[in-house]
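[1] just a sequence and a predicted model for now, questions to come.
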Amino acid sequence: MMELLITEVVERFYSFVWPMLRISAFFLVAPFFSLQVVTVRIRVLLAALLSWMIYPFVEIPAIDPSTVTGLVEVFNQVLVGAIMGLILQVVTAALVVGGQTISMSMGLGMANMIDPNVGNVPLLSVFILIFSTLIFLGLGGHIIMLSLLIETFSVLPIGQTVVPSELFAFIIKWSSMTFLGAVLIALPVMVSLLFINLGIGVITRTAPALNIFAVGFPAMIIAGIILFSVSMTSIGYRVQWLWLKSLETIKEGFGLI
């Protein structure tokens, strides 16, 4: 009787570990859940709780993780979860690059801050990241993100063959959004600062006694702060578009449409 109970527990564990692998890989890579504030214990508890909730509704084949087939399946589950997280991380990278471009244009390129989640980034990038987090949560993006993760179990069930080359090609194609998103974020401020910079150049050319370093840098910083404040509405709409586009990309890439 005891041997039967132990065998059933082992089989249940083998079937429970597969959805938890996909969800854990997603939590490890995805924005917000991969922050340093969300410790490993919290991620493991969230992954276990979500796996327990969807466990009765997902058909899970009996696969031994210690076999070759099991190792391949481990790679497949981790790949699916990590690719979903990377698609969202591309938006975060675009926001960081956009904030860095604005900082360099207005003369605050040296005003950096050590962010434990991103690294050494300008202050404007940190501000835009916090701003984008509030937009994402206000849109209910965390709920949509988890619902898409759960839907992948019906589109890409456990045990189905996953083609890594197709997923890699898809994420490489989507990574171009890093530069496009950065341009969309920084373009209004950059163009305005360019004209201001041209005006300062004309003034210093007509009046050589004016020191461009004494006049240009303070003027660019003040003008950049004002322009950035005025452009926050348009930047907010662009950030919202980037998050919605990333969620649509997940649907398209994994066939959830």
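    Perfect, I can see it now.
[2] quick check: buried residues in the host helix or strand of Val74?
    According to DSSP states H and E, Val74 maps onto helix 68-106. By 16 or more other C-beta atoms under 10 Å, the buried positions in helix 68-106 come out as 73-74, 76-103, 105-106. Bear in mind the C-beta positions are built from the backbone N, C-alpha and C, glycine included.
[3] which residues in the stretch 1-150 of the chain form helices?
    2-29, 40-54, 68-106, 123-138, 141-155 (DSSP state H, counting those that start in this stretch).
[4] nearest to Val189 among those would be which one?
    Of all those, it is helix 68-106 that lies closest to Val189, at 5.0 Å by C-beta to C-beta.
[5] avg pLDDT for that closest one?
    Averaged across helix 68-106, the pLDDT comes to 86.
[6] ok, back up a step: out of the helices of the stretch 1-150 of the chain, nearest to Pro61?
    Nearest to Pro61 among those is helix 2-29; the distance by C-beta to C-beta comes to 7.9 Å.
[7] could you pull up the mean pLDDT of the closest one?
    For helix 2-29, mean pLDDT is 75.
[8] same question, stretch 158-166
    75.
[9] relative to the whole chain's centre, how far out is that stretch?
    23 Å (C-alpha atoms, centre = their mean, to the nearest Å).
[10] got the contact list for Gln89?
    Listed by C-beta atoms under 8 Å, 6 or more residues apart in numbering, the contact set of Gln89 reads 29-31.
[11] quick check: Pro157 is in a strand.
    No: assigned with DSSP: H, G, I helix; E, B strand; the rest coil, Pro157 falls outside any strand and is coil.
[12] I figured it hits Asn76, correct?
    No: taking C-beta atoms under 8 Å as the definition, Pro157 is not a contact partner of Asn76, at 10.8 Å.
[13] what's the closest of the contacts of Gln89 to Gly255?
    Nearest to Gly255 among the contacts of Gln89, with distances taken as C-beta to C-beta, is Ala30, at 19.4 Å.
[14] quick one, what contacts the residue nearest to the closest one when sequence neighbours are not counted?
    Once flanking residues are discounted, Ala30 sits nearest to Gly85: 3.7 Å by C-beta to C-beta, 6 or more residues apart in numbering. Neighbouring residues of Gly85 by C-beta under 8 Å, 6+ apart: 25-31, 34.
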